[in-house]
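> just to be clear, the model below is a prediction. Sequence and coordinates:
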There are 2 protein chains.
Amino acid sequence: MSRVLVVEDERHLAEGLRFNLEAEGYQVQVVETGESALDLLGNGSHAFDLLLLDIMLPGIDGFSVMSELRKAGQFVPTLMLTARGHPEDVLKGFAAGADDYLTKPFELAILIARLRSLLRRYEWMRAANGSVAANAGTGDRYTFGEKSVNFDLLELRVRGEAFPLTLMEANVLRHLISNEGKPSSRKMMLEQVWGLHEDTDTRAIDNFIVRLRRYIEDDPTRPRHLLTVRGVGYRFVADPR
Amino acid sequence: MSRVLVVEDERHLAEGLRFNLEAEGYQVQVVETGESALDLLGNGSHAFDLLLLDIMLPGIDGFSVMSELRKAGQFVPTLMLTARGHPEDVLKGFAAGADDYLTKPFELAILIARLRSLLRRYEWMRAANGSVAANAGTGDRYTFGEKSVNFDLLELRVRGEAFPLTLMEANVLRHLISNEGKPSSRKMMLEQVWGLHEDTDTRAIDNFIVRLRRYIEDDPTRPRHLLTVRGVGYRFVADPR
DNA sequence: ACCAACTATTACACAAGTGTTACAGTACCG
DNA sequence: CGGTACTGTAACACTTGTGTAATAGTTGGT
């Protein structure tokens, strides 16, 4: 399941995109400003597979976001989106580092096709390059203490011993890890991991935590990495002391 | 210097493209038919870095050329070019495996920007992952444990005993082997092995896995090499422990 | 046109993964 | 010290995805 970050300040459009992309099976997160986008994509994180970036944004505009990202070594495939269809703007977008550029109004089907094509090309290249040896270097992995998670292989290693993770387990863990130190509320997790936006009372998350603790924690009753934040949710700490 | 193959039968346009692309520093070759294009790009050759493909061609059209190429394991980045701008045509182009799609008349600067963007993405991926592995061609044999496959002879040997493989069995196995360790989604396999890009619900892959397991696995109900990754697809592991 | 070989589709049993419920346990409040 | 609100956890129900056989369709050769 590919993760798409939508940067769009028009609520209407943003929610429309979210709805349709989720219907296509993508995991979607929406932010409204360039600043938040830079925040989420900082330090070469692999949290998203694709970026959908509007040009006209409050604060720093899409062009600048784009250049900043590429300057910072963030090469996430990006589709730019804008009302302005002047050729100069399109050229500016590509010059800034965009992979594709679409002008509003656009057909939704076209957007989806282009987005798919980008992800497909990305996958192909990864597949062509990433076999065996290359896997070791660039996979989607995270290491803490004597543990490491490989999100591509859905595998968690603790002192050499490997535990297979399910997709959901991996998603939950990834979410917590990518917010390391910061508590995540259940609501936030339901939105970002499950894609649910209604308030639902569920203990599903707690159950995932229980299972993840069994893998990760030496003493699951006294967790050191996956901590409960009472009244809020959970938070991941890589390096307890 | 990037090598571009232009497939275009209108001499005027073709020569214009050649002139301008060469001025941009690309090495350009022009052919006028889909047949010649398929010829030049056959058997996973790496002779070109980019393909500029017109739809309306004498003989087989651009869509078919595209599908043929992808089916044959030729994943050269491709920009499709056409007079027809109907959304269905664009979608058809992407479905056939195109990376980008431009409708005539187009601004030359835009074409160049898009073409550059495609090549740039390719460069980025190469830089990130190291050298590009030969397309699909993992050599013609592969050995693991007490088993070995000869993809030329379509033959699988397990402890001396030889099993003939069909072409498809071999292709599926090759794909999994060349992505050793990494799970391949059904979608990815349909794209890379079958050359299909639409979402099709099929159990064909599962059936191939069943058959391959019967050859390879000592106990097909408890596979050690061809592993299921639930919710994702399958993955090959050469050396289970 | 027929047959043989191969591949794709269908159908259904079964297994794995996930969400819900229920209740016990624990922190926090006065 | 209760009481309240929240979390931990097991058991179960339900959903979804996979294994596999049977069957239908396709292709290529004679």
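In hand now; what should we look at?

> give the buried residues for the helix or strand containing A:Gly93.
Taking DSSP states H and E as the criterion, A:Gly93 maps to helix A:87-96. Buried residues in helix A:87-96, counted by 16 or more other C-beta atoms under 10 Å in any protein chain shown: A:Asp89, A:Val90, A:Leu91, A:Lys92, A:Gly93, A:Phe94, A:Ala96. In short, each C-beta sits where N, CA and C put it, glycine included.

> in JSON lines: those, plus distance to A:Ile177 and pLDDT.
Below are those laid out as JSON lines (distance: C-beta to C-beta, whole Å; pLDDT from 0 to 100):
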{"residue": "A:Asp89", "distance to A:Ile177": "37", "pLDDT": "90"}
{"residue": "A:Val90", "distance to A:Ile177": "37", "pLDDT": "92"}
{"residue": "A:Leu91", "distance to A:Ile177": "39", "pLDDT": "92"}
{"residue": "A:Lys92", "distance to A:Ile177": "36", "pLDDT": "93"}
{"residue": "A:Gly93", "distance to A:Ile177": "32", "pLDDT": "93"}
{"residue": "A:Phe94", "distance to A:Ile177": "34", "pLDDT": "94"}
{"residue": "A:Ala96", "distance to A:Ile177": "30", "pLDDT": "93"}
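
> quick check, nearest of those residues to DNA strand D?
A:Gly93 (35.9 Å; C-beta to the nearest atom of the strand).

> what's near enough to touch that closest one?
By C-beta atoms under 8 Å, 6 or more residues apart in numbering or on different chains, A:Gly93 lies in contact with A:Ile55, A:Gly62, A:Phe63, A:Met66, A:Met80, A:Thr82, A:Tyr101.

> try 7 Å
A:Phe63, A:Met80, A:Tyr101 (C-beta atoms under 7 Å, 6 or more residues apart in numbering or on different chains).

> state the three-state secondary structure for A:Ala37.
What DSSP: H, G, I helix; E, B strand; the rest coil gives for A:Ala37 is helix.

> thought it was touching A:Glu8?
No - counting by C-beta atoms under 7 Å, A:Ala37 sits too far from A:Glu8 to count as a contact (10.0 Å).

> among the contacts of A:Gly93, which are in helices?
Within the contacts of A:Gly93, residues falling in helices by DSSP state H are A:Phe63.

> would you turn the contacts of A:Gly93 into CSV with neighbour count and distance to chain B?
Shown next, in CSV, are these (neighbours: other C-beta atoms under 10 Å in any protein chain shown; distance: C-beta to the nearest C-beta, whole Å):
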residue, neighbour count, distance to chain B
A:Phe63, 21, 14
A:Met80, 27, 10
A:Tyr101, 24, 8
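
> from B:Gly85, how far off is A:Val76?
For A:Val76, the distance to B:Gly85 equals 29 Å [C-beta to C-beta, to the nearest Å].

> higher neighbour count, those two?
The residue with more neighbours, out of A:Val76 and B:Gly85, is A:Val76; 20 against 12, by other C-beta atoms under 10 Å in any protein chain shown.

> neighbour count: A:Ala37 and A:Glu8, which is higher?
A:Ala37 (26 against 23).

> now the more buried one: closest residue in space that isn't a chain neighbour?
A:Val7 (4.5 Å; C-beta to C-beta, 6 or more residues apart in numbering or on different chains).

> how about that neighbour, what does it touch?
Counting by C-beta under 7 Å, 6+ apart, A:Val7 has contacts A:Val31, A:Gly34, A:Ala37, A:Leu52, A:Leu53, A:Asp54, A:Leu57, A:Val65.

> what residues does chain A have near DNA strand D?
Taking C-beta under 7 Å from any atom of the strand as the criterion, chain A approaches DNA strand D at residues A:203, A:206-207, A:209-210, A:213, A:220-221, A:228-233.

> one more pass at 10 Å, please.
Contact residues (C-beta under 10 Å from any atom of the strand) of chain A with DNA strand D: A:25, A:167, A:183, A:185-186, A:201-214, A:217, A:219-223, A:226-234.

> ok, back up a step: show me which of the contacts of A:Gly93 is closest to DNA strand C.
A:Met80 (33.3 Å).

> can you pull the contacts of that closest one?
A:Leu53, A:Ile55, A:Gly62, A:Gly93, A:Ala98, A:Tyr101.

> next, the buried residues of the helix or strand hosting A:Ser148.
In this structure, A:Ser148 sits in strand A:147-150 according to DSSP H and E. For strand A:147-150, burial by neighbour count (16+ other C-beta under 10 Å) applies to A:Lys147, A:Val149, A:Asn150.

> with distance to DNA strand C and pLDDT added, can I get those in a markdown table?
Formatted as a markdown table, these follow (distance: C-beta to the nearest atom of the strand, whole Å; pLDDT from 0 to 100):
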| residue | distance to DNA strand C | pLDDT |
| --- | --- | --- |
| A:Lys147 | 19 | 92 |
| A:Val149 | 15 | 93 |
| A:Asn150 | 16 | 90 |
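
> in terms of secondary structure, what does the longest helix seen in chain A contact?
Identified as the longest helix of chain A according to DSSP H is helix A:108-129. For helix A:108-129, the elements it packs on are strand A:50-54, strand A:78-82, strand A:100-103, helix B:87-96, helix B:108-129, judged by 3 or more C-beta pairs under 7 Å, 6 or more residues apart in numbering or on different chains; DSSP states H and E.

> measure A:Leu115 to B:Arg186 for me?
Separation of A:Leu115 from B:Arg186 (C-beta to C-beta) stands at 20 Å.

> of those two, which one has the most company?
Between A:Leu115 and B:Arg186, counted using other C-beta under 10 Å, the more crowded position is A:Leu115 (22 against 18).

> so what's the closest residue to the more buried one other than its chain neighbours up against?
Closest residue to A:Leu115 apart from its sequence neighbours, by C-beta to C-beta, 6+ apart: A:Leu79 at 5.9 Å. Counting by C-beta under 7 Å, 6+ apart, A:Leu79 makes contact with A:Leu52, A:Asp99, A:Asp100, A:Leu102, A:Arg114, A:Leu115, A:Leu118.

> can you redo those residues as CSV with distance to B:Phe163?
Listed next are the contacts of A:Leu79 as CSV, based on distance: C-beta to C-beta, whole Å:
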residue, distance to B:Phe163
A:Leu52, 48
A:Asp99, 44
A:Asp100, 45
A:Leu102, 50
A:Arg114, 44
A:Leu115, 42
A:Leu118, 40
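
> among these, who's most crowded?
Neighbour-wise, the contacts of A:Leu79 (other C-beta under 10 Å) top out at A:Asp99, 27 neighbours.

> so that residue makes contact with A:Pro77?
Yes - between A:Asp99 and A:Pro77 there is a contact under C-beta under 7 Å: 5.0 Å.

> overlap in contacts of the two?
Common neighbours of A:Asp99 and A:Pro77 (criterion: C-beta under 7 Å, 6+ apart): A:Leu118.

> run the angle between the longest helix of chain A and helix B:108-129 for me.
40 degrees (axes from the mean of the first three to the mean of the last three C-alpha atoms, to 10 degrees).
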